[in-house]
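K.L.:
sequence and predicted structure are below.
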Amino acid sequence: MAKETSTWFKSFALLLLIAQNVSLVLTMKVSMGDGATPYIVTVAVFMTELLKLVICVVVIYVYQGKTFNWMSISQVEGLKMAVPALLYVVQNNLLFFAVSRLEPAVFQITYQLKIATTALFSVIMLKRTLTRAQWAGVGLLLPGVCLVQLSRLSSAENDDIVVPSLVNANANGNATSSNMILNNVVAQIDLSPGVGLGVAPIHHGVSFLGQLLGFVAVLFSCLTSGFAGVYFEKVLKSAKSLSLWERNVQLATYSILIAGASVIMKDFQRVITDGPFVGMSMSSGIVIVLQAAGGLVIAVVVRYTDNIAKAFATSVSMIISSTLTIFFFDFHPPLIFFIGAGLVGMAVRFYSAKPGDWLVKTVLVQMLGMASENKFVLPK
């Protein structure tokens, strides 16, 4: 019975993450076009982390009836949570460096390697065993996500693709909110041309060296993303004396410091001139709440499932949000979108398949001639 409850809880957490991602993408699209004056993204991220901290403190003091040792933040266990926050600073800056030097298609495809690096770091750092079917699922997820991303880019009508200019607005490194902002906005670059956060055109006249440096930056970002995610998972699962909420307080504290520094370095003049809440609306407020909730849901998913399952849930949410944009934002997907969506669905089936699954057995054993779909740890 305990095992059934555990499985139900994991499934619920993953479904909650999918719902959060879908609602976030759609709400973010509305918020970026809501009003003539764009809101300050660094302030939004700071408020997100502050809200997350408040929620965790309330849960600890009110719901759990405990007290939090604030000195633990500067101790060894607390300092461990500074690592993913700092790594995401590096990751985000590498991505912003790359996105201004690479063609959108090259950037989107290369960035999906983070799925593979997450799986590899999970095996190396957490000693996790993946079956042949699960490796096949990861392998199918990569091209599936790439095709979906390419379908979004191919639907853009302008020759110069534009992306929200977070280079000058949000190069901070909290381990949940800013990374989620980056992933969702970059994933929606064909849906948000020139509104909301300001735009940075991707120029086609970049030198070969510049493109090479951009490509290397994406590769390092994928490594950073995979390592940071798995490291975060390892820290969450290793310290049994600290609850999930206490870990999130430590992480949110470091994220607030980094987010506050980002506001000062990137948008201090605008905050002084226009005020910190310029451009804020009801929809942008909902985005902040969803971001905070998303950060906590991700922590739950990572704690009770793993980063690979999180990657699958995020990919499924991307398919759902893209499908919904067909009805709400006049998105006309080409054929490759449906091919990519099919591959993602197949990947989920393979990764979550139970031993003896007829489809997995047919493909891996009968069609590809493997001895078994289960006895496999790491490809040689």
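P.N.:
It's in. This structure is a prediction, so every number in the text was calculated from the model and none was measured. Residues are numbered from 1 along each chain as shown.
K.L.:
from residue 296, how far off is residue 61?
P.N.:
16 Å (C-beta to C-beta, to the nearest Å). No exception for glycine: its C-beta is placed from N, CA and C like everyone else's.
K.L.:
cool, and residue 104?
P.N.:
Residue 104 sits 32 Å away from residue 296 when distances are taken as C-beta to C-beta.
K.L.:
what do you get for residue 208?
P.N.:
Distance, residue 208 to residue 296, using C-beta to C-beta: 44 Å.
K.L.:
look at these two and report which has more neighbours.
P.N.:
The neighbour comparison of residue 208 against residue 296 (other C-beta atoms under 10 Å) goes to residue 296, with 20 against 7.
K.L.:
just confirm the more buried one is within a helix.
P.N.:
Yes: counting by DSSP: H, G, I helix; E, B strand; the rest coil, residue 296 is found in a helix.
K.L.:
hmm, it is touching residue 58, no?
P.N.:
No: if you go by C-beta atoms under 8 Å, residue 296 and residue 58 don't touch, sitting 11.9 Å apart.
K.L.:
residue 222 touches residue 111, doesn't it?
P.N.:
Yes: applying C-beta under 8 Å, one finds residue 222 in contact with residue 111, separated by 6.6 Å.
K.L.:
do a quick rundown of the helices in this protein.
P.N.:
Taking DSSP state H as the criterion, the chain carries its helices at 2-32, 41-58, 76-79, 82-99, 104-111, 113-126, 132-154, 177-187, 208-238, 244-274, 282-304, 307-328, 335-351, 358-360.
K.L.:
rank those helices by pLDDT, which is bottom?
P.N.:
Mean pLDDT values for the helices of the chain show the minimum at helix 177-187, a mean of 44.
K.L.:
re earlier: among the helices of the chain, which comes closest to residue 68?
P.N.:
Residue 68 lies closest to helix 244-274 among those, at 5.9 Å (C-beta to C-beta).
K.L.:
quote the end-to-end distance of stretch 235-251.
P.N.:
11 Å (C-alpha to C-alpha, to the nearest Å).
K.L.:
in it, which residues are buried?
P.N.:
Using 16 or more other C-beta atoms under 10 Å as the test for burial, stretch 235-251 gives 235, 236, 242, 243, 245, 246, 247, 248, 249, 250, 251.
K.L.:
contacting residues around it?
P.N.:
Contact with stretch 235-251 is made by 52-53, 56-57, 59-60, 64, 68, 72-73, 77-78, 80-81, 83-85, 174-176, 295-296, 299-300, 302-303, as judged by C-beta atoms under 8 Å, 6 or more residues apart in numbering.
K.L.:
could you rerun that using 7 Å?
P.N.:
52-53, 56-57, 59-60, 68, 72-73, 77-78, 80-81, 85, 175, 296, 299-300, 302-303 (C-beta atoms under 7 Å, 6 or more residues apart in numbering).
K.L.:
these two touch, right, residue 151 and residue 337?
P.N.:
Yes: counting by C-beta atoms under 7 Å, residue 337 is a contact partner of residue 151 at 3.5 Å.
K.L.:
tell me how far stretch 126-133 is from the chain's mean position?
P.N.:
Between the centre of stretch 126-133 and the centre of its chain there are 22 Å (C-alpha atoms, centre = their mean, to the nearest Å).
K.L.:
same question for stretch 115-125.
P.N.:
Distance of stretch 115-125 from the chain centroid (C-alpha atoms, centre = their mean) equals 16 Å.
K.L.:
any idea how far residue 125 is from residue 137?
P.N.:
20 Å.
K.L.:
neighbours of residue 213, how many?
P.N.:
A total of 16 residues lie near residue 213 under the criterion other C-beta under 10 Å.
K.L.:
grab the nearest non-local neighbour of it.
P.N.:
Setting aside the residues directly before and after it, residue 213 is nearest to residue 101 in space (C-beta to C-beta, 6 or more residues apart in numbering), at 6.5 Å.
K.L.:
and the one you found, what does it touch?
P.N.:
206, 210, 211, 213, 214.
K.L.:
cutoff 6 Å now
P.N.:
By C-beta atoms under 6 Å, 6 or more residues apart in numbering, residue 101 lies in contact with 206, 210, 211, 214.
K.L.:
just these now: which is nearest residue 47?
P.N.:
Set against residue 47, the nearest of the contacts of residue 101 by C-beta to C-beta is residue 214 (31.3 Å).
K.L.:
gap between the closest residue in space to the closest one that isn't next to it in sequence and residue 95?
P.N.:
Spatially, and ignoring its direct neighbours in sequence, residue 214 is nearest to residue 101 (3.2 Å; C-beta to C-beta, 6+ apart). Distance of residue 101 to residue 95, given as C-beta to C-beta: 11 Å.
K.L.:
residue 295 too?
P.N.:
For residue 295 relative to residue 95 (C-beta to C-beta), the value is 19 Å.
K.L.:
which residue packs closest to residue 138, ignoring adjacent ones?
P.N.:
Nearest to residue 138 is residue 119, by C-beta to C-beta, 6+ apart, at 4.9 Å.
K.L.:
around the closest residue to residue 125 other than its chain neighbours, how many other residues sit close by?
P.N.:
Distances taken as C-beta to C-beta, 6+ apart place residue 230 nearest to residue 125, at 5.1 Å, with adjacent residues excluded. For residue 230, the count of nearby residues is 26 (other C-beta under 10 Å).
K.L.:
touching, residue 230 and residue 121? I think so.
P.N.:
Yes: the criterion here is C-beta atoms under 6 Å, and residue 230 meets it with residue 121 at 4.0 Å.
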